[in-house]
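Asks: predicted model and sequence below, questions to follow.
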Amino acid sequence: MTTTENSATRVDNSSTPVILGGARGGPDVTTMRTDRWWLAPVITVAILGSFVIYATWAAFVNKDYYVGANMHRDLISPFYSPCLTQSCVATGAANKAVFSWWTISPALLILIFPLGFRMTCYYYRRSYYRSFWWAPPACSVADSHKSYSGESRFPLIMQNVHRYFWYFGLVFNVLLTYDAVMAFRTPGDGGIGVTIGTMVLCLNATLLWGYSLSCHACRHLCGGQVRSFSKHPIRYKFWKFVTPLNAKHMQFAWVSLFVVALTDVYVRLVASGTITDFKLF
Ligand code: FES
């Protein structure tokens, strides 16, 4: 027997018998992985599910979203900003109401934009396709669906509008940055200062900018479809700036999600009188 025949025999004896032709061309077994591949999808479902439940409750509850001059503060929850309806309790908002006919929670009017931005995010898609649809749940684990139409049909074709939600996301970032600047106001208490609430709103705005600027669509907008960077020096500079941020997009996605919820919780606790917004200086 030649050397080649010997190695062929060894391969045959050590190979694991599987039946090809399972889900989407994979082996007809769920997986041969023995590690805890299911842990990441379970954690993702727990965190995203909790956020959706909390955000839904916070959007419908329609109270305790603003801390105003009666507490010497100017803090608004990111879920309720911009406050555009007649029912808004934020300072002066009722007088500037854009949608005077809107009588239910003002949060429901604006939530579609940050929600749409997150729902269509390329990173979150990967996460929730894996965790909620099991399509597939992890590398080398069989898909739980027999067919795959991609994002070419309704409703998933809607994912392609991500770049437009990105534009709206920038508008919200500007507004939330404005809110963070306003949070330095302490009306009737020296006029200006830094409180824990100021820092929470600043952190939230900063992380949302990080999330938006690290977006894949943003990177493409900066440097995509350019044949020669030397002919587009400005775009090259933008691309160089956002590329390292883009490498951290997953981290920005999770941390900014956590902090936006935390900001709402903090404002809610102060507004309801449960805690005091401590003034640092
Ligand atoms: S890819 Fe995640 S926000 Fe654009």
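Replies: Noted; the coordinates are in hand. Please read all numbers here as calculations on a predicted model, not as lab measurements.

Asks: for this structure, which segments count as helices?
Replies: 3-14, 39-61, 107-110, 112-119, 122-131, 162-182, 196-213, 216-223, 233-246, 249-271 (DSSP state H).

Asks: touching, Asn173 and Thr206? I think so.
Replies: No. Counting by C-beta atoms under 8 Å, Asn173 does not reach Thr206; the two are 9.8 Å apart. For the C-beta atoms, the positions are set from N, CA and C on the backbone; glycine is no exception.

Asks: look at those two and report which has more neighbours.
Replies: Per other C-beta atoms under 10 Å, whichever of Asn173 and Thr206 has more neighbours is Asn173, with 19 against 16.

Asks: would you indicate which residues of stretch 47-58 are buried?
Replies: Within stretch 47-58, the residues that qualify as buried are Leu48, Ala55, Ala58, counting by 16 or more other C-beta atoms under 10 Å.

Asks: touching the ligand at all, it?
Replies: No. Using C-beta under 6 Å from any ligand atom, stretch 47-58 never reaches the ligand; the gap is at least 13.9 Å.

Asks: tell me which residues are up against that stretch.
Replies: 65, 77, 79, 107, 111, 115, 124, 127-128, 131, 254, 257, 261, 264, 268 (C-beta atoms under 8 Å, 6 or more residues apart in numbering).

Asks: which two among those residues are spaced furthest apart?
Replies: Tyr65 and Ser131 (29.8 Å; C-beta to C-beta).

Asks: next up, the contacts around the residue of the stretch 51-200 of the chain found nearest the ligand.
Replies: Using C-beta to the nearest ligand atom, the closest approach of the stretch 51-200 of the chain to the ligand is made by Cys121 at 3.1 Å. By C-beta under 8 Å, 6+ apart, the contact list for Cys121 reads His162, Cys215, Ala253.

Asks: so which of these are also by the ligand?
Replies: His162, Cys215.

Asks: buried members of the contacts of Cys121 into PyMOL, please.
Replies: Remark: buried members of the contacts of Cys121, expressed as a PyMOL selection using 16+ other C-beta under 10 Å:
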select buried, resi 162+215+253
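
Asks: with pLDDT added, can I get the contacts of Cys121 in JSON lines?
Replies: JSON lines is the format used below for the contacts of Cys121 (pLDDT from 0 to 100):
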{"residue": "His162", "pLDDT": "96"}
{"residue": "Cys215", "pLDDT": "98"}
{"residue": "Ala253", "pLDDT": "98"}
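
Asks: shaky segments in the stretch 151-281 of the chain?
Replies: When residues are selected by pLDDT under 70, none of them lie in the stretch 151-281 of the chain.

Asks: residues from it in reach of the ligand?
Replies: So far as C-beta under 6 Å from any ligand atom goes, the stretch 151-281 of the chain lies against the ligand at His162, Trp166, Cys215, His216, Ala217, His249.

Asks: any idea how many residues pack against the second one?
Replies: Yep, that's Trp166 we're talking about. Other residues close to Trp166 by other C-beta under 10 Å number 19.

Asks: for the fourth one, same thing?
Replies: Counted with other C-beta under 10 Å, residues neighbouring His216 total 17.
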